[in-house]
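>>> 3D model of this:
(one chain, ligands or ions: 1)
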Amino acid sequence: SSVRCLGTESGPEIGAEVWVRARVATVRVKGKSTFVVLRQSSLHTVQACKFKDAEDGGESATAVAKFFKSLPLESLVDLRGVLAEANVSSCTQSNVELQIKQVFCVSRAVPQLPFLMADAQRSEAEIEASQGSKRPFVRVLPDLRLDNRWLDLRVPAHNATLRIQSAICRLFRDSLTKRGFVEIHSPKLISGESEGGAEVFRVDYFGSRASLAQSPQLYKQMAISADMPGAFEIGPVFRAENSNTPRHLCEFTGLDFEMPIMWHYDEVIQVIHETLSGAFQALEEECAEELKVVRQMYPSEAPKMPSPAGPPCVVHWGEAMEMLKEAAASGSERKDLMADLSTEEERVLGSLVLEKYGSDLFFLDKYPSAVRPFYTMPSKDQPEYSNSYDVIFRGQEIGSGAQRCHDPELLEARCEELGVPTEPLQGYIDSFRHGVPPHGGVGLGLERIVQLYLGLDNIRKAVMFTRDPARLSP
Ligand code: 4AD
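Residues are numbered from 1 along each chain as shown. Okay, here's the model as predicted:
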């Protein structure tokens, strides 16, 4: 006898006696008969039942009914039973069923849960359809879910979201490792500001001022100074942005890389394209089950994008301005063609590009220099523009990147122009005085990718535990 996952292809056979550890999802007791649905690993359920007393010394049907009647939902049990065929047709319910012989409580939940799983796992359509029925599903409020996130993560779609997040990290890592890039772990306590601006968490560092890194930017560039063939990091990023929006967090996970450039920064765009499109393509296959579970609760489709083997979809700033101008012919036109895009303009541009090029994913290239950080390389012939790009996915920014200023004098001039103090950046600037190849890279927001890939309405559904201006726990 063994404790294992039921309903999987390698699982035990019909007629076998097994021990399973699982959570009690639902209980129905009718006289001496008991039907329970057990949840295993949050994606699968299996039915267990007891109708009559066993002949081989197992628990009596009455004892089993009594046990489950007094056991709160979400408790964990160890259960001994015999496997039988079950007629179920669901992607999450196992096609076997357990005939209960013996059961023990391993961990007892409190009887009053903050919300019921039966409600928390319903799609909007199911909630709507249930209104007017005898027991309509209750809409669980987002804050109540976040206050009890460990419970909310048991909702199969939410559990699957974390698994998909993990797969994206793995695919990002695999793609870059295959290219010979080195995974780095840069310091998160730093003396300067990695992105400039006011969005920095300050901390006291033995009496002197330090900040939490807004990105691994400076350090991934110094990895190139240290002759790495390419460097990448998957790590925490801190932003003291007081933005209470569905797409901003104060702490998120950055997927960053940096690489030397031989001829042109297009080489970097190509690597981002191959890595992202390749990961998205692999995800549909490798996480088919998880995607099905998420899409059942939050209906969405797989994104459209160019094949990783083909060229990336690149739209230059000038072309984007033209597209927006045409689309706004009868409405509001952009006054300043060099100002950063608003959220709404990004969304409009996303649908225009989808219409014109058939892709949900594109690079908005040649950004105006004035709206880019101090380390961005201005274009040689037109310095008011820069060798930098945003990665736009389904009408929202998921990443930004650029060729960097590797000339220390130019870098200092850029800092002065933008009012960025150079003193705390001295080590970084000096690293370029010792010889460094031209280089560039990208920073992608993991939670934004997950949110947009799965068509979730809020980034808080794409992160394990939310850190926003109003939430520091759990
Ligand atoms: O655009 P950002 O600030 O760029 C950088 O950090 C650069 N160092 C990248 C580079 O290599 N040049 O942030 C990169 C990405 C954004 O595109 C977005 O996806 C995500 O990080 N991001 C956030 N995600 C959640 N909450 C926030 N407050 C975010 N701010 C940025």
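
>>> Dump the C-alpha coordinates for stretch 73-83 into PDB.
Extracted as PDB, the C-alpha positions of stretch 73-83 are listed here (Å, rounded to 0.1, in the frame of the first residue of the first chain):
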ATOM      1  CA  LEU A  73     -14.200  20.800   4.900                       C
ATOM      2  CA  GLU A  74     -10.600  21.400   3.900                       C
ATOM      3  CA  SER A  75      -9.300  19.100   6.600                       C
ATOM      4  CA  LEU A  76      -6.600  16.600   5.600                       C
ATOM      5  CA  VAL A  77      -7.200  12.900   5.900                       C
ATOM      6  CA  ASP A  78      -5.300   9.700   5.400                       C
ATOM      7  CA  LEU A  79      -7.600   7.200   3.800                       C
ATOM      8  CA  ARG A  80      -7.300   3.500   3.000                       C
ATOM      9  CA  GLY A  81      -9.500   2.300   0.300                       C
ATOM     10  CA  VAL A  82      -9.900   0.000  -2.800                       C
ATOM     11  CA  LEU A  83      -9.800   1.500  -6.200                       C
END
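
>>> what's next to the helix or strand containing V20, contact-wise?
Element membership for V20, per DSSP states H and E: strand 17-30. Residues outside strand 17-30 that contact it (Cβ atoms under 8 Å, 6 or more residues apart in numbering): 1-4, 6, 12, 34-40, 45-46, 65, 68-69, 71-83, 98, 101, 106, 117-118, 154. Just so you know, the C-beta spots here come from the backbone N, C-alpha and C atoms, and that holds for glycine as well.

>>> next SSE after that strand?
strand 33-40.

>>> which strands and helices sit next to the next helix or strand after that following strand?
The helix or strand immediately downstream of strand 33-40 is strand 44-50, counting by DSSP H and E. Strand 44-50 sits against strand 17-30, strand 33-40, helix 61-69, strand 93-107, with contacts defined as 3 or more Cβ pairs under 8 Å, 6 or more residues apart in numbering; DSSP states H and E.

>>> Just give me how far stretch 27-41 sits from the chain centre.
Distance of stretch 27-41 from the chain centroid (Cα atoms, centre = their mean, to the nearest Å) equals 34 Å.

>>> For it, measure first residue to last.
End-to-end span of stretch 27-41 (Cα to Cα, to the nearest Å): 18 Å.

>>> What of stretch 466-474?
8 Å.

>>> so what pLDDT did the residue nearest to L337 when sequence neighbours are not counted get?
Excluding its sequence neighbours, the residue lying closest to L337 (Cβ to Cβ, 6 or more residues apart in numbering) is M321, at 5.2 Å. You'll see M321 listed with a pLDDT of 96.

>>> Go ahead and confirm M321 touches D336.
No - between M321 and D336 there is no contact under Cβ atoms under 8 Å: 10.4 Å.

>>> Need the overlap of contacts for these two.
Common neighbours of M321 and D336 (Cβ under 8 Å, 6+ apart) do not exist.

>>> quick one, which of those two is more surrounded?
Between M321 and D336, counted using other Cβ atoms under 10 Å, M321 has the larger neighbour count: 16 against 8.

>>> How much space separates that one from P383?
M321 sits 18 Å away from P383, going by Cβ to Cβ, to the nearest Å.

>>> ditto for S133
Per Cβ to Cβ, S133 is found 65 Å from P383.

>>> who's more crowded, those two?
Higher neighbour count among S133 and P383: P383, with 11 against 8, using other Cβ under 10 Å.

>>> does that one sit in a helix or strand, and which one?
With DSSP H and E as criterion, P383 is part of no helix or strand.
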